[in-house]
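Undergrad: using only what follows, build the 3D model:
(chains A and B)
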Amino acid sequence: MRRFTIALVLSAVLLSPATLADEFTGTDVDRWQSEFDSVAKKGRELWTSGAVGTNGVACAQCHPNAANTHPETYPKFQKQLGKVAQLFEMVNWCIRNPLQGATLPADDPKMTALVAYIHKERKGVAIDAGKH
Amino acid sequence: MTRLITRRSVIAAGAAAGTLTTLPISMVRLAFGGTREDFSFTYISDSHIQQIKGASFVRNWDMGLKRAIAEANLITPEADFVMFGGDLAQLGKKEELDHGAEMLSHVKGKLHTVMGEHDYYLDLGEYWSKLYGPQWYSFDHKGVHFVVLNSILTTDEWTFHRWPTAEQRMLEMAGLDNPNGSPFMVGEKQRAWLKDDLDKVSKDTPLIVFSHSPLQKIYKGWNFWTDDAEQVQALLQPFKTVNVIYGHVHQIQYNQIGNISFNAVMATAWPWPYPDTYAQAGAHVPVLTVPMNRADPFFERDATGWQMIDVNSGRVTARYQLWDNGERVVGYDPKLGKPVDKKYQEAIVRKAPQLHY
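TA: Now for the predicted structure:
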């Protein structure tokens, strides 16, 4: 009886969706997607407002819908930087130069938002790191 | 044959031999029957002069316009006149229009200007009209009938009743990819004027029409679009030789629809991607167009520039002066009946940077 109880408890533990490491529900997926979407939406606001610069110029002035940013090609060699660079480094290049702003740390929530927006607009394009 | 000194040619020459040379710009002039003559004019467009605050303006955009004017003024023989293709200002402000107009006042020869949406939607063109006069009109020059249109109008509801302030209306229209914008149109009143104007012109007279937005439908999501383009085209089609030159798109485009040849011109401010590079849109550019090189963000003036427009037998040849890039020449091919790039039209001769993705 004791063994049976242990087995019952154990199976309940194992089968319970809440305790299985790699199980998640539609509700989870919806929540995670909406978390991503809200950050990408914040990114779109930063992209179109000029808020990450100092001269009023916005990323969207040259990159409507984040076109011509090619996030799928990073990391890639940038001859003017003299090294293989990540997408956030190119975003910072644009913040510093055309937008005349201060660069953001790679994990700054604003940088995360900008990169999230860029990737959202490029959804569906095959990864091709290093491409020129 | 004229020669234009450019920074690119100076740098190239300096690197090669330490001497100064010049970049040739050939202006081939063909014999022209009847009373018409061949001539050239310069076309500068989309400077987007942007005020930061007070007396400070975005340096990058200022430099593009200044450079185009300086170079255009060096051309000999002088062009017959200068066109400015619209979007002188970024947000339609008096300060921006004044600053841009002061620079444009240095062009040699008669200046004609086209209204852009960035000039218009703050005060509905009031201050721009004080500087440059009527928003649509026509004139004749050496046997060619020229028409200037204001193609960036839109519905009364959007213009007059949707936005709480003029500033917000301007901002909503200024965002190229902003879904709150509204499709451009020439509108009924101006089309009636155009019909009336063209009724007085012989169908053999070559026409050159200037608009800010394309008088053809390319991609609605970025307003590379004029909503009543077909109705305007229908008024132009009866003429034997018709050219439409438009700004707004900040890139090389060309097309042929019936009798109408289309050429887009470069911006002096910044380049735009081709619409078919937007992965979520699946839009297209005119099939004839060989794209300009992909812009290199490390070169501030790359993929911007200005144009010499040659008019031979009423047909337009656009000579794109591309800073940090080689010149591109797009002209009408009478055998093919459409505009072609004089060097890169065939797919096999294109360069890697002309492949956009």
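
Undergrad: against A:Cys62, how distant is whatever residue of the stretch 251-357 of chain B ends up closest to chain A?
TA: Of all residues in the stretch 251-357 of chain B, the one sitting closest to chain A is B:Pro273 (3.8 Å; Cβ to the nearest Cβ). All C-beta atoms are positioned from the backbone trio N, CA, C, and that covers glycine. To A:Cys62, B:Pro273 is 8 Å away according to Cβ to Cβ, to the nearest Å.

Undergrad: give the residues shared as contacts by the two.
TA: Shared contacts of B:Pro273 and A:Cys62, defined by Cβ atoms under 8 Å, 6 or more residues apart in numbering or on different chains, comprise A:Asn68.

Undergrad: sketch out the low-pLDDT regions of the chain for me.
TA: No chain in the question, so chain A it is. Scanning chain A for pLDDT under 70 picks out A:1-19.

Undergrad: ah, I was thinking of chain B
TA: Within chain B, the set of residues satisfying pLDDT under 70 comprises B:1-36.

Undergrad: nearest the geometric middle of it, what residue?
TA: Centrality entry for chain B: nearest residue to the mean C-alpha point is B:Gly247, 2.9 Å, by Cα atoms, centre = their mean.

Undergrad: confirm A:Met90 sits in a helix?
TA: Yes: counting by DSSP: H, G, I helix; E, B strand; the rest coil, A:Met90 falls inside a helix.

Undergrad: so what's B:Lys338 up against?
TA: Residues counted as contacts of B:Lys338 (Cβ under 8 Å, 6+ apart) are B:Gln256, B:Ser261, B:Leu288, B:Tyr332.

Undergrad: can you tell me if the helix of greatest length in chain B touches chain A.
TA: Of all segments of type helix in chain B, defined using DSSP state H, the longest is helix B:59-74. Yes: Helix B:59-74 reaches chain A (Cβ under 8 Å from any Cβ of the partner chain) through B:Asn60.

Undergrad: B:Pro238 reaches B:Lys203, doesn't it?
TA: Yes: between B:Pro238 and B:Lys203 a contact is recorded at 5.6 Å, counting by Cβ atoms under 8 Å.

Undergrad: contact partners for B:Arg294?
TA: By Cβ under 8 Å, 6+ apart, the contact list for B:Arg294 reads A:Asn68, B:Ala303, B:Pro353, B:Gln354, B:Leu355, B:His356.

Undergrad: please redo it, this time with the cut-off set to 7 Å
TA: B:Arg294 makes contact with B:Pro353, B:His356 under the criterion Cβ atoms under 7 Å, 6 or more residues apart in numbering or on different chains.

Undergrad: now it: which helix or strand?
TA: Assessed by DSSP states H and E, B:Arg294 sits outside every helix and strand.

Undergrad: repeat for B:Pro339
TA: B:Pro339 is part of strand B:338-341 when elements are defined by DSSP H and E.

Undergrad: relative to that strand, what are the paired strands and their orientations?
TA: strand B:328-333 (antiparallel) (DSSP bridges).

Undergrad: contacts for the partner strand?
TA: Residues contacting strand B:328-333 (Cβ under 7 Å, 6+ apart): B:252, B:254, B:261, B:263, B:292, B:315-320, B:322, B:339-343.

Undergrad: what's the nearest residue to the residue positioned nearest the centre of chain A if we skip its chain neighbours?
TA: Residue closest to the average C-alpha location in chain A (Cα atoms, centre = their mean): A:Ala116, at 3.3 Å. Excluding its sequence neighbours, the residue lying closest to A:Ala116 (Cβ to Cβ, 6 or more residues apart in numbering or on different chains) is A:Ala40, at 4.2 Å.

Undergrad: so which residues of the chain form helices?
TA: The chain I'm using is chain A. According to DSSP H, the helices that chain A contains are A:2-15, A:26-49, A:87-96, A:109-121.

Undergrad: not quite, go with chain B.
TA: B:7-17, B:59-74, B:94-104, B:117-120, B:126-132, B:156, B:166-174, B:188-199, B:229-236.

Undergrad: if you compare those, which one is most tucked away?
TA: helix B:117-120 (a mean of 28; mean count of other Cβ atoms under 10 Å in any protein chain shown).

Undergrad: who does that one touch, helix- and strand-wise?
TA: Packed against helix B:117-120 by the contact rule (3 or more Cβ pairs under 7 Å, 6 or more residues apart in numbering or on different chains; DSSP states H and E) you find no helix or strand.

Undergrad: CA atoms of it as PDB?
TA: Output of helix B:117-120 as PDB, limited to C-alpha atoms (Å, rounded to 0.1, in the frame of the first residue of the first chain):
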ATOM      1  CA  GLU B 117       4.500  66.200 -48.600                       C
ATOM      2  CA  HIS B 118       7.200  67.200 -46.100                       C
ATOM      3  CA  ASP B 119       6.800  70.800 -47.300                       C
ATOM      4  CA  TYR B 120       3.000  70.700 -47.300                       C
END
